[in-house]
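Novice: For reference, the sequence and a predicted model appear below.
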Amino acid sequence: MMKNVLLIVFLLFTITLYAQKAKTLGSKHQVVWDVAIHPDYTNLASTSGHDILIWNLNANDLSGKYKRGHTDDVTALAYSIDGKKLISGGIDGKVILWNTSTKEPDKILMTEEGVITAVKFSKNGKLAAAASSSDKIFVWEVADGKLLYTLTAHTDDVTGLDFSIDHNILASAGADHAVILWDLLTGALSNIFVEHSSWVRDISFSNKGNALSSVGDDGQLIIWNLENNKYIKPIEKSKFSGDWLLSVLYNEQGNAIALGSRKGKVIVKTEFGSYLYKTNAPVNKVIFLRDQNKLMVAAATYGKGILIISATDMKFSD
């Protein structure tokens, strides 16, 4: 009898553990294209129609708004390494550099014909880049807003961007199934890889500098070995059959990868195993949050707002 009671208690505890719901910031029905975390890990920026919202994660509450910049939905966000600037891109083709103290635009870097699909700052904060559905990539010097390069090699929408840890390489992902590496010292194409069989949606460099991950509509996570620049090759391929992977990001330590999928999966792959959380809306972006006691991520969803998910909300498998 006692064994049965203990078993029931254990099962109830397990069910409760995995049935815990992630916290939601803002409306539970909101479409959120992108989120970005401030370097202080206290403030989270999110897209919200034509505006950008700022959330205080300590209070789990709205603390500010950027507006009077875009004339259509904001689709992409990124903070500079010092947190003093925020860059945004939108359906209106605008790329705006914002002052985070005043929440006012510093510069409108450009108005492009296509939709801006991704924006990034280099790790030293000196360069900013934007990807466009017009098949182009734009790179600026942040200090004066000077356009440094217009990069053209993709033959379809450019969908993802990331800078290498040494600031010298820009990686791009495209609907043409390609991953391209660009030499930022010259603006020249350095390498091109076509291992995906469909759109490549996102891309992320490891902060260790030795790996690059790409994901796409073929359901593949491909990890590329960058240790030998003359012979870059996939070192790992993970297949999530029947799903599109929309987002990929390494954590600061380079030992975990966060993924978001069209079928509502949030996946965190670590050295010890994988964590999984499921929602019923596409997950456009997943980013790591800092918590000294547990794993925590934020997910931008198409129709379920912003989810704040901790390890206790996820199912673990080794």
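Specialist: That came in fine, so what should we check first?

Novice: Helix, strand or coil: sort out Thr312 for me.
Specialist: Three-state assignment for Thr312 (DSSP: H, G, I helix; E, B strand; the rest coil): helix.

Novice: thought it was touching Leu295?
Specialist: No. When contacts are counted by CB atoms under 8 Å, Thr312 is not listed as touching Leu295 (9.1 Å). C-beta coordinates here come from the backbone N, C-alpha and C atoms, glycine included.

Novice: Looking only at neighbour counts, state which of these two leads.
Specialist: Leu295 (20 against 14; other CB atoms under 10 Å).

Novice: What separation do you get for the more buried one and Tyr277?
Specialist: Per CB to CB, to the nearest Å, Leu295 is found 11 Å from Tyr277.

Novice: so what's in contact with the two at the same time?
Specialist: Met314 (CB atoms under 8 Å, 6 or more residues apart in numbering).

Novice: Can you list the strands that the helix or strand harbouring Leu249 pairs with?
Specialist: Leu249 belongs to strand 245-250 when assigned by DSSP states H and E. When sheet partners are counted by DSSP bridges, strand 245-250 sits next to strand 256-261 (antiparallel).

Novice: and the partner strand, how far out from the chain's middle?
Specialist: Put simply, strand 256-261 sits 9 Å off its chain's centre (CA atoms, centre = their mean, to the nearest Å).

Novice: Name the surrounding residues that touch that strand.
Specialist: 204, 213, 215, 221, 240, 243-251, 265-271, 282-288, 295, 297, 299-300.

Novice: Name the residue closest to the centre of this structure, please.
Specialist: Lys285 (4.8 Å; CA atoms, centre = their mean).

Novice: Check which residues of stretch 196-212 are buried.
Specialist: His196, Trp199, Val200, Arg201, Asp202, Ile203, Ser204, Phe205, Ser206, Asn207, Ala211, Leu212 (16 or more other CB atoms under 10 Å).

Novice: thought the first one was touching His177?
Specialist: Just to be clear, that refers to His196. Yes. At 4.9 Å, His196 and His177 qualify as touching, with contact defined as CB under 8 Å.

Novice: joint contacts of the two?
Specialist: Gly216.

Novice: How confident was the prediction at Ala76?
Specialist: With respect to pLDDT, Ala76 scores 98.

Novice: Work out for me the element it sits within.
Specialist: strand 74-79.

Novice: What strands line up against that strand, and which way round?
Specialist: Sheet pairing for strand 74-79, using DSSP bridges, gives strand 85-90 (antiparallel).

Novice: for the strand it pairs with, what is the average pLDDT?
Specialist: Rounded mean pLDDT across strand 85-90 is 98.

Novice: And the nearest residue to Leu147 once chain neighbours are set aside, how far from Lys84?
Specialist: In space, and not counting its chain neighbours, Leu147 is closest to Trp140: 5.6 Å by CB to CB, 6 or more residues apart in numbering. Taking CB to CB as the measure, Trp140 falls 16 Å from Lys84.

Novice: higher neighbour count, those two?
Specialist: Legend: neighbour count by other CB under 10 Å for Trp140 and Lys84, higher for Trp140 (22 against 14).

Novice: surely that one meets Leu127?
Specialist: Yes. Judged on CB under 8 Å, Trp140 makes contact with Leu127 at a distance of 6.8 Å.

Novice: Now for these two: what residues contact both?
Specialist: Joint contacts of Trp140 and Leu127 (CB under 8 Å, 6+ apart) are Leu148.

Novice: Any stretches of the stretch 1-150 of the chain with poor pLDDT?
Specialist: 1-20 (pLDDT under 70).

Novice: again, but for the stretch 201-318 of the chain
Specialist: 228-233, 235, 292-293.

Novice: so how far is whichever strand or helix holds Thr159 off the chain centroid?
Specialist: According to DSSP H and E, Thr159 maps onto strand 158-163. Chain-centre distance of strand 158-163: 10 Å, with CA atoms, centre = their mean.
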